[in-house]
Structure formats: structure tokens, C-alpha cells
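*Asks:* prediction below, plus the sequence it came from.
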Amino acid sequence: MAGEPVNVNEFQELARQSLPKMYYDYYTGGAEDQHTLKENVKSFRRIIIQPRVLVDVSKIDMSTTILGHKTSAPIMIAPTAMHKLAHHEGEVATARGAAACDVIMGLSYMSTCTVEEVASSCNAVRFFQIYVYKRRDITALMVHRAEKNGFGAIILTADTPRLGRREADIKNKMIAPQLKNFEGLISTEYVSDKGSNIEALAAGTFDASLCWKDIEWLKSITKLPILIKGVLTSEDAIKAIEVGVAGIIVSNHGARQLDYAPATISVLEEVVHAVQGKVPVFFDGGVRRGTDIFKALALGAKAVLIGRAVIYGLAAKGELGVKQVIQMLKDEFELTMALSGCCSVDDITRSHVKTEKGRFICRM
Ligand SMILES: Cc1cc2nc3c(=O)[nH]c(=O)nc-3n(C[C@H](O)[C@H](O)[C@H](O)COP(=O)(O)O)c2cc1C
Ligand SMILES: CCCCC(=O)C(=O)O
């Protein structure tokens, strides 16, 4: 590739060139046939934007509020594991990149830098993602560490009672390193003769019995607002509201868990309808362009989370790459707003996009 990268796909190519195959495959891959992985991206392509013209778009305001926190754009960093495998500064570099762009970062429970290292790296709003370990005392301790270190919310990932079958990780015998957060508490270093060591780590530590009633337990150990990540149906959205969560993240874990789960953008609207505005609905999966962000907002998302695109920036150029990827997505989103006749995020409405279903109905 000649010159500087001009879009997220070019950052992906840079990441591919700079990473060992085992790590690149881990970051980029999905489950089994990778059907959902392809659909997450392709489903965006089937949604058409319906712009309005002759609107005064000389000033565009992308800013919004997420759980009471003002942020420069409806963009957050999705929690993704083990950033030190992408860049030696790990999550500290990601946190600094996010802070420089004034967007909220989700820190993964499976991070390679500690909660304290990330918290002290820069001043910014951050949310903490958790898995629930069989050793609940360890999860409770992590929640308290996040609370003590100023994190603004807990993201409970609900779609991972077991790890999805990621065939590249099986072939590569993907490593499961000791994660610094858990040093002296529990070993995360797993070696399996079956293939993926991170699969063995999840099988050994994650509590597959976790269910809706356990939200009460989580609420009893923290005052922080709780977001549920991994909702894909109206039924689960209604249950999430019943148990009193502060928000829902429509996500299929970047297509790394259940293959043939729906592309997230195809179910966003169903969830938004079920929620009836009671809590904010966030979205992730397949966002690679500013137009994707616009489409998700038009279908009712309050903000989107960015997973792989940020890792590609980190792998290519560390903190600077994270900053450039977020800035690129912000610039693309701002231009999309201008060319669609929307001056603020509240101006983006359902009538700004046409989905396949909508096009079909129009033709009848
Ligand atoms: C390499 C990688 C690691 C991930 N690790 C986590 C994790 O530790 N916790 C979590 O809740 N989600 C994790 N996710 C899922 C992301 O939070 C997010 O749902 C997904 O990446 C969004 O899709 P995208 O990559 O297409 O943007 C991970 C995703 C990737 C690609
Ligand atoms: C056991 C590590 C799980 C991290 C994760 O969520 C992912 O790779 O998708």
C-alpha cells in the first residue's frame, strides 16, 4: 500500500503486515464458517441512506451524552482482549488514543495492562467489561477495582458462557498468557492439547451457569450502572429491562461466538422497538465506516462500539494509530451527516435510511 492509510481496511492491511500470524488471526477471526462475520459487514452494505438536501450544514455537532457523560461523538471503544499482543504498550496506548479523541473506552476484563495502569494513564471516561468467573470473589474484586479507579459503568458480557469455536485459534494453538490483573489471584495461563489455549482458559474460568437472576448479585456488589452486552432479540431486551439494567448493547461479539447468529445491524431495530426508549441501546459489529455509524443511529442506536478497527490502528501504529482510526471514523461520520442534511445526532432519523425490508415493501 502506497502512502498513509485512508480508511479502516487499509489499517487492517497494515496490521496484517505488522503482526505475527497467530495474533492477526486471533484479532480478525470469527467462529466456525465465519458466516456471521461476513454478514456483520455485508448487511451494512444493503442499507441505503436517504439524504436531504438544501439544509444548512455549515456547522455539524457530533457530540452526544452516554449514561450522563458528554462525549465528542456517538463512538465508543469496544472492550477487546489482550492489547499487548498488538502493541507493547497495550491498553494504555488505546486509552490514550481514546482520550485524545474524547471518546469513551470499554476496557476488557481480559486486558494485558491492569485496571490501575489504564486508570492512571490519562484522564477520561471509561467503562469496565466483565466476564463472571466461577470464582465470583475474583469478579467482585475486579468490579471493586474498577469502581475505585473511577470507571463509569460495568459492561456485563452475556454471550460467552463458553468460547465460540474459532478454527484459526485451534490450528495456531493460540496462547493464553498470564494476565496481570489476575496475578496472585488465579492462573490464566492455560495449555490444552486440543488446540486453542484461550478456549481452555474460558472453559476453566468462566461461569457457564450465569443467568438473569445473577444480575441481582451484580447489582448488590456495585453502585455503577450496568450494561448488558450481547442482546440480539426483543425477548432478551425485555428481560434486561425487567432486571433493571442501565442500557443494552446489541452485539454478537464480533461474530466470534455463535456462528449463524444474526448480523447485528439486522436486529438492531427489533431491539430498539422492544426497549421503547426505556434505556439507551448501543450497538456493535462490523462498523468500518462513518456511514455504518450513521445507519446504526438512524435505526435507533445511541452510540456504536468499535472493536477490530481500533485494534488494527493499535497494531499498525500504537497510540497514534488508535487516534487516527477513531479520527478517521469521526471525520467520515461528520461528512455523512453533512451530506445527509443532519446537523446534530438528534437530526438523524429512521427516515434517513432504507433497509431491504423497506425497499421490498415500497416495490409492492
Ligand atoms: C480480538 C477481539 C477480542 C475481543 N475481546 C472481548 C472481550 O474481552 N470482552 C468482550 O466483551 N468482547 C470482546 N470482543 C468483542 C467486542 O467487544 C465487540 O463486540 C466486537 O469486536 C465488535 O465487532 P467489530 O470487531 O466488528 O467492531 C472481542 C472482539 C475481538 C475482535
Ligand atoms: C478468553 C479470552 C476471551 C476474549 C474474547 O472475548 C474474545 O477473544 O472474543
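*Replies:* Yes, it's here. Ligands and ions are numbered 1, 2, ... in the order given.
*Asks:* just the helices from the stretch 151-300 of the chain, written as ranges.
*Replies:* Ranges of helices in the stretch 151-300 of the chain, per DSSP state H, counting those that start in this stretch, are 167-172, 197-205, 214-221, 234-242, 264-275, 290-298.
*Asks:* need those helices in CSV with mean pLDDT, can you?
*Replies:* Compiled in CSV, those are given as follows (pLDDT from 0 to 100):
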stretch, mean pLDDT
helix 167-172, 98
helix 197-205, 98
helix 214-221, 98
helix 234-242, 98
helix 264-275, 98
helix 290-298, 99
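*Asks:* so which of those is the most packed in?
*Replies:* helix 290-298 (a mean of 26; mean count of other CB atoms under 10 Å). Placement of C-beta: from N, CA and C, glycine included.
*Asks:* what's next to that one, contact-wise?
*Replies:* Here helix 290-298 makes contact (CB atoms under 8 Å, 6 or more residues apart in numbering) with 44, 47, 49, 74-75, 265, 268, 283, 286-287, 303-304, 329-337, 340, 342, 345, 348-350, 352-353.
*Asks:* same check, this time on stretch 243-250
*Replies:* Outside of stretch 243-250, the residues within contact range by CB under 8 Å, 6+ apart are 67, 153, 155, 212, 215-216, 219, 225-232, 237, 240-241, 264, 267-268, 271, 275, 279-285, 301-302, 305.
*Asks:* the contacts of helix 290-298 in helices, which ones?
*Replies:* 44, 265, 268, 329-337, 340 (DSSP state H).
*Asks:* I'd like the distance between residue 199 and ligand 2.
*Replies:* Residue 199 sits at a distance of 8 Å from ligand 2 (criterion: CB to the nearest ligand atom, to the nearest Å).
*Asks:* just the pLDDT at residue 1, thanks.
*Replies:* Looking at residue 1, its pLDDT is 78.
*Asks:* likewise residue 364?
*Replies:* 51.
*Asks:* residue of the stretch 201-350 of the chain closest to ligand 1, please.
*Replies:* Residue nearest to ligand 1 within the stretch 201-350 of the chain: residue 307 (2.1 Å; CB to the nearest ligand atom).
*Asks:* list the residues that contact the closest residue to that residue other than its chain neighbours.
*Replies:* Distances taken as CB to CB, 6 or more residues apart in numbering place residue 78 nearest to residue 307, at 4.0 Å, with adjacent residues excluded. Contact partners of residue 78, counting by CB under 8 Å, 6+ apart, are 106, 251, 254, 284, 305, 306, 307, 310.
*Asks:* what is the most widely separated pair among those?
*Replies:* Spatial extent of those (CB to CB) is set by the pair 251 and 310 at 14.9 Å.
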